[in-house]
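Q: fold the following and give me the result.
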Amino acid sequence: MSKPFSQACENNKAPILEVIRQVFHGGSTVLEIGSYTTQHVRYFAEHLPGITWQPSDMPDSLSVMLAGLEGETFPNILPPQTLDVMQGPWPDTQVEGVFSANTLHIMSAEHVPYFFQGVGKVLQTGGRLCVYGPFRYQGNYTSDSNARFDEWLKERDPLSGIRDIETVNELATRNGLELLADHAMPANNQLLVWQKKWGQNTISI
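A: Numbers count the residues shown, from 1 in each chain. Below is the predicted model of the structure:
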């Protein structure tokens, strides 16, 4: 049986790796939110063997994650966990890193604050969050294709859509995260890097 496959993951995994290899360090455990096909986590685990990866996704995506990991023997990939950013359960232990790709524009707007609240709690002080995907700046799209994509998203689910960088950064700041970098990526996407501030507690929604 063939593994689940995403062409977008296949296209962006190498450019993402070139950034995150400078962000996450050996000996770290990184939680991936939205693993789904597990193409990212498998690629990263192969090329960054010193990092332990924790795949996770919504409960109804567990079977897809298991199919993606079937037959794999990476010693640095932990068993996949179910995670609904609004409902939980978030991991009991803190991690040094969190990675998420193409999730904030898919989840409902009401889920986005819970994403950052949960990351703020699970991320160790000094730990880093990397988020990949399309964003708007001061209400403006970075390309016409992103504007069309956003229209398609909202037709599919009015509560989904490309998020404003200012909004997500405000949510991150409120939960103890400081924006370190904004990397321009292929296909009109960005890779944002935040760091958990020392001694900063998260807030309740």
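Q: just say helix, strand or coil for the spatially most central residue of the chain.
A: Taking Cα atoms, centre = their mean, the centroid of the chain lies closest to residue 100, which sits 0.8 Å from it. Under the three-state scheme (DSSP: H, G, I helix; E, B strand; the rest coil), residue 100 adopts strand.
Q: repeat for residue 8
A: Going by three-state DSSP: residue 8 is helix.
Q: quick one, helices of the chain?
A: Assigned by DSSP state H, the helices in the chain fall at 7-20, 39-47, 62-69, 112-122, 144-156, 165-174.
Q: pLDDT on the longest strand seen in the chain, on average?
A: Counting by DSSP state E, the longest strand found in the chain is strand 123-133. Per-region confidence: strand 123-133 scores 97 on mean pLDDT.
Q: so which bits of that strand are buried?
A: By neighbour count on 16 or more other Cβ atoms under 10 Å, the buried set for strand 123-133 is 123, 127-133. All C-beta atoms are positioned from the backbone trio N, CA, C, and that covers glycine.
Q: and that strand, what other elements does it pack with?
A: If contacts are counted by 3 or more Cβ pairs under 8 Å, 6 or more residues apart in numbering; DSSP states H and E, strand 123-133 sits against helix 7-20, strand 95-101, strand 177-185, strand 189-196.
Q: contacts for that strand, please.
A: 12, 16, 19-20, 23-24, 94-105, 119, 162, 168, 172, 177, 180, 185, 189-200 (Cβ atoms under 8 Å, 6 or more residues apart in numbering).
Q: just to revisit the earlier point, the buried residues of strand 123-133: which two are farthest apart?
A: 127 and 133 (20.0 Å; Cβ to Cβ).
Q: thought residue 163 was touching residue 105, still the case?
A: Yes. The pair residue 105 / residue 163 is scored as a contact, 6.2 Å apart, by Cβ atoms under 8 Å.
Q: which residues does the residue nearest to residue 50 when sequence neighbours are not counted contact?
A: Nearest residue to residue 50 in three dimensions, chain neighbours excluded: residue 26, at 3.2 Å (Cβ to Cβ, 6 or more residues apart in numbering). When contacts are counted by Cβ under 8 Å, 6+ apart, residue 26 touches 48, 50-51.
Q: show me what the residue lying closest to residue 184 once chain neighbours are set aside is bridged to.
A: Nearest residue to residue 184, sequence neighbours excluded (Cβ to Cβ, 6+ apart): residue 190, at 6.3 Å. Beta-bridge partners recorded for residue 190 (DSSP bridges): residue 133, residue 184.
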